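In: This is a predicted model, with the sequence first.
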Amino acid sequence: MNTKPYQTLIDEMKACAVINSGITDFNAGSNIMNIFESVARPVEQGYIDTRNGYSNNLRAIPYSVFDFQQKKGQKATVNIVFTRNAASTSISTIPVGTRVSDGTLVFITTDVGSIASGQTESDPIPAIAENIGLEYNVPSDSIRTIESNLSAEIVSCNNPYKAIGGTNAETQTQMLRRFKYYINGLQGSNRYGIMAGLLGLEGVRSVSIDEHFPPKNDIYNFTVYVDNGAGLLPDDLKNQCIDLVNGNDTEENPGLRAAGINVDFQAAIGVAITIEVTVTIYRAEQARVESDVTVKLQEYINGLGIHENVVLSSIIVLLKQISGVTDISGLTLNGNADNVTIGVNQIARFYDVVIHPVQQ
């Protein structure tokens with residue numbers, strides 16, 4: 001559908017007026033021009049609104065037929081240990097809803113915690129990210145700020161282990177890929193049907209299937225590798241996957257696998273990726289550029305799913321988008337100037353980056 005801009009509408013009105021009535025006074029401020037201008041503006045907006053609605057609705061039609069919804073992101077979870085200044089015979093309570101952070105990203109405790117009599121540290125207290133997002137998968141020993149008002153004797157906090165499970169909302173590209181799996185797997189029992197079913201579970205970010213001929217361990221016909229966004233497969237998510245694929249012989253949950261087929265469920269094997277790169281910087285603060293480069297690399301690599309390769313050209317394009325970066329050279333992945341091929345049972349994980357800055 002083509003739209004008409006404001007000036008085109010004015011010109012067409014003028015032409016129509018000349019042909020049909022002989023009016024020629026189109027000077028700015030004339031009565032006829034005031035009328036034309038007051039009509040052309042809302043008509044132009046009407047064209048734009050109609051075009052936008054048409055494009056959006058057309059894109060949504062295939063999904064709506066199957067009631068296929070975009071997946072929302074997930075909030076990361078983490079355990080927090082609180083410390084008080086000295087051992088005491090009293091109990092120090094940490095209430096539900098206590099806010100802690102790494103200085104930027106906030107987590108909120110979901111259970112009541114306490115520091116027992118004679119102790120200086122609490123047991124690990126579960127907390128959840130304030131918002132959804134991959135960036136909340138912060139490393140261990142990074143959540144050290146208490147944002148809430150607690151008893152004076154509670155002086156610090158920390159996360160002994162990294163936060164996990166945070167994922168971004170599904171992108172249009174990811175949704176389209178999952179929809180293709182869904183369409184190809186409508187019969188349910190083929191590889192596409194199983195992948196589409198598992199990807200429909202909240203908490204599942206990527207899936208890969210490895211078929212075994214002959215069966216693995218004389219039992220399993222294929223293995224399903226599942227990633228929760230952090231490259232892991234927690235027990236509760238694994239049980240959800242097993243229940244979905246195996247079913248329970250009910251109309252609501254008939255299962256996805258064919259009769260007589262045995263399925264093994266595993267987490268993917270993490271492949272640590274170390275990057276070395278020379279970055280040419282022009283009129284920008286070096287520390288800021290290095291931080292942006294690190295963040296971009298983490299987002300790209302940790303955003304990859306199971307069996308998705310790490311591609312040099314994709315990294316170069318991403319890094320060149322950073323403000324102040326004029327050139328990227330000497331890029332290597334795990335010591336090689338080549339893509340990293342990720343197997344059907346593997347997932348790439350960011351490990352480290354060595355940046356060589358060059359001021360231009």
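Out: Perfect, thanks for sending it.

In: Only C-alpha atoms from now on, for both contacts and neighbour counts.
Out: Fine.

In: Now do the strands in the chain.
Out: Remark: strands assigned in the chain by DSSP state E are 77-84, 92-94, 99-101, 106-109, 113-115, 125-129, 145-146, 154-158, 206-216, 220-227, 263-267, 269-281, 325-333, 346-359.

In: helices or strands next to the first one in the packing?
Out: Other elements packing on strand 77-84 under the criterion 3 or more C-alpha pairs under 8 Å, 6 or more residues apart in numbering; DSSP states H and E are strand 113-115, strand 125-129, strand 154-158.

In: make it 7 Å
Out: strand 125-129, strand 154-158 (3 or more C-alpha pairs under 7 Å, 6 or more residues apart in numbering; DSSP states H and E).

In: Likewise for the shortest one?
Out: Applying 3+ C-alpha pairs under 7 Å, 6+ apart, one finds that strand 145-146 contacts strand 99-101, strand 154-158.

In: So in that sheet, which strands flank the shortest one, and in what orientation?
Out: As defined by DSSP bridges, the strand partners of strand 99-101 come to strand 106-109 (antiparallel), strand 145-146 (antiparallel).

In: So which of the ones you listed is the most surrounded?
Out: Mean neighbours per residue, mean count of other C-alpha atoms under 10 Å, is largest over the strands paired with strand 99-101 for strand 106-109, with a mean of 23.

In: avg pLDDT for it?
Out: Averaged across strand 106-109, pLDDT comes to 96.

In: Can you tell me how far Asn217 is from Val263?
Out: Distance of Asn217 to Val263, computed by C-alpha to C-alpha, to the nearest Å: 12 Å.

In: Neighbour count: those two, which is higher?
Out: For the pair Asn217 and Val263, the greater number of neighbours falls to Val263 (19 against 8), based on other C-alpha atoms under 10 Å.

In: The more buried one is in contact with Phe222, isn't it?
Out: Yes: Val263 sits in contact with Phe222 when judged by C-alpha atoms under 7 Å, with a separation of 5.5 Å.

In: if we can go back for a sec, closest one to Gly185 among the strands paired with strand 99-101?
Out: strand 106-109 (38.7 Å; C-alpha to C-alpha).

In: ok, residues contacting the closest one?
Out: For strand 106-109, the external contacting residues (C-alpha atoms under 7 Å, 6 or more residues apart in numbering) are 96-101, 125-130.

In: switch to 6 Å and redo it
Out: Contact with strand 106-109 is made by 96-101, 126-130, as judged by C-alpha atoms under 6 Å, 6 or more residues apart in numbering.

In: Leu198: what's its closest spatial neighbour, skipping adjacent residues?
Out: Closest residue to Leu198 in three dimensions, ignoring its sequence neighbours and counting by C-alpha to C-alpha, 6 or more residues apart in numbering: Cys241, at 6.4 Å.

In: For Gly203, which non-adjacent residue is closest in space?
Out: Nearest non-adjacent residue to Gly203, counting by C-alpha to C-alpha, 6+ apart: Asn228, 5.4 Å away.

In: And Gly188, by the same measure?
Out: In space, and not counting its chain neighbours, Gly188 is closest to Leu256: 5.2 Å by C-alpha to C-alpha, 6+ apart.

In: wait, isn't the one you found in contact with Gly247?
Out: No: using C-alpha atoms under 6 Å, Leu256 makes no contact with Gly247, being 7.0 Å away.

In: Show me the helices in the chain, by range?
Out: 6-21, 31-65, 172-184, 191-199, 235-246, 286-302, 312-320 (DSSP state H).

In: Out of the ones you listed, point me to the one whose mean pLDDT is lowest.
Out: helix 31-65 (a mean of 75).

In: List the buried residues of that helix.
Out: In terms of neighbour count (16 or more other C-alpha atoms under 10 Å), helix 31-65 has its buried residues at 32-33, 36-37, 40, 43-44, 47-48.

In: Let's have these in TSV, adding distance to Glu12.
Out: TSV is the format used below for the buried residues of helix 31-65 (distance: C-alpha to C-alpha, whole Å):
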residue	distance to Glu12
Ile32	13
Met33	12
Phe36	10
Glu37	12
Ala40	10
Val43	12
Glu44	13
Tyr47	15
Ile48	18
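
In: can you tell me which two in these are farthest apart?
Out: For the buried residues of helix 31-65, the farthest-apart pair by C-alpha to C-alpha is Ile32 and Ile48; their separation is 24.6 Å.

In: Can you name the residues bridging to the residue lying closest to Leu233 once chain neighbours are set aside?
Out: With sequence-adjacent residues excluded and distances taken as C-alpha to C-alpha, 6+ apart, Leu233 is closest to Ala267, at 5.0 Å. Counting by DSSP bridges, Ala267 forms beta bridges with Val226.
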